[in-house]
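Novice: predicted model and sequence below, questions to follow.
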Amino acid sequence: MTFFTEPTTYEKTILSDLQGAWSVLRQSVAECGGFEGWERMLFHIEEATSWETVRHLERMKPLLIIVRNIAIQGDCPEEIMLEIEDVSEILDETIKTHPQNNLP
């Protein structure tokens, strides 16, 4: 009987960068909190990183716009705005390099 073994090396891809950027944003929002709409931001961040959304990257962009709008309206800390921009840049690059994930 053969057993599946864990790989000893992993290839870092733009998708892992995107996941990391969303994770950093989520952590910052959770830690900062207190500004108007921060709980709604967490909800939309979770939705943006769900399996269904990651499989269809075109669904992620509108969620990022919602997150950005909530941040602006809630007068969130500048740190969070910078992290939103990081997610946006990496998402744009991901969509360019993985067009097969953008089918309706």
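Specialist: Alright, I've got the coordinates.
Novice: run through the helices of this protein in chain order.
Specialist: 14-32, 38-48, 51-55, 60-73, 78-97 (DSSP state H).
Novice: can you tell me which of those the model trusts least?
Specialist: Among the helices of the chain, helix 51-55 carries the lowest mean pLDDT, a mean of 87.
Novice: and the residue nearest the centre of this structure?
Specialist: Central residue of the chain (CA atoms, centre = their mean): residue 22, 3.2 Å from the mean position.
Novice: and the gap between it and residue 3?
Specialist: Using CB to CB, to the nearest Å, we find residue 22 at a distance of 33 Å from residue 3. Any C-beta I mention is one placed from the backbone N, CA and C, and that applies to glycine too.
Novice: equivalent analysis for residue 83, please.
Specialist: 40 Å.
Novice: those two: which has the busier surroundings?
Specialist: The neighbour count for residue 83 versus residue 3, taken as other CB atoms under 10 Å, is higher for residue 83 (21 against 4).
Novice: and that one, what is it in contact with?
Specialist: 21, 24, 25, 28 (CB atoms under 8 Å, 6 or more residues apart in numbering).
Novice: could you do residue 98 as well?
Specialist: Taking CB under 8 Å, 6+ apart as the criterion, residue 98 is in contact with 14, 15, 57.
Novice: give me the number of residues near the second one?
Specialist: This means residue 15. Neighbourhood size, residue 15 [other CB under 10 Å]: 15.
Novice: restricting to C-alpha, output stretch 70-86 in PDB.
Specialist: The C-alpha coordinates for stretch 70-86 follow below in PDB (Å, rounded to 0.1, in the frame of the first residue of the first chain):
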ATOM      1  CA  ILE A  70     -16.500  50.700   3.100                       C
ATOM      2  CA  ALA A  71     -13.000  51.700   4.200                       C
ATOM      3  CA  ILE A  72     -13.300  55.100   2.700                       C
ATOM      4  CA  GLN A  73     -16.700  55.800   4.100                       C
ATOM      5  CA  GLY A  74     -15.700  54.400   7.500                       C
ATOM      6  CA  ASP A  75     -12.600  56.600   7.700                       C
ATOM      7  CA  CYS A  76     -10.300  53.600   8.300                       C
ATOM      8  CA  PRO A  77      -6.600  53.800   9.200                       C
ATOM      9  CA  GLU A  78      -4.200  54.600   6.300                       C
ATOM     10  CA  GLU A  79      -2.500  51.300   6.900                       C
ATOM     11  CA  ILE A  80      -5.600  49.500   5.800                       C
ATOM     12  CA  MET A  81      -6.000  51.600   2.700                       C
ATOM     13  CA  LEU A  82      -2.400  50.800   1.700                       C
ATOM     14  CA  GLU A  83      -3.100  47.100   2.200                       C
ATOM     15  CA  ILE A  84      -6.200  47.400   0.000                       C
ATOM     16  CA  GLU A  85      -4.100  48.900  -2.700                       C
ATOM     17  CA  ASP A  86      -1.600  45.900  -2.400                       C
END
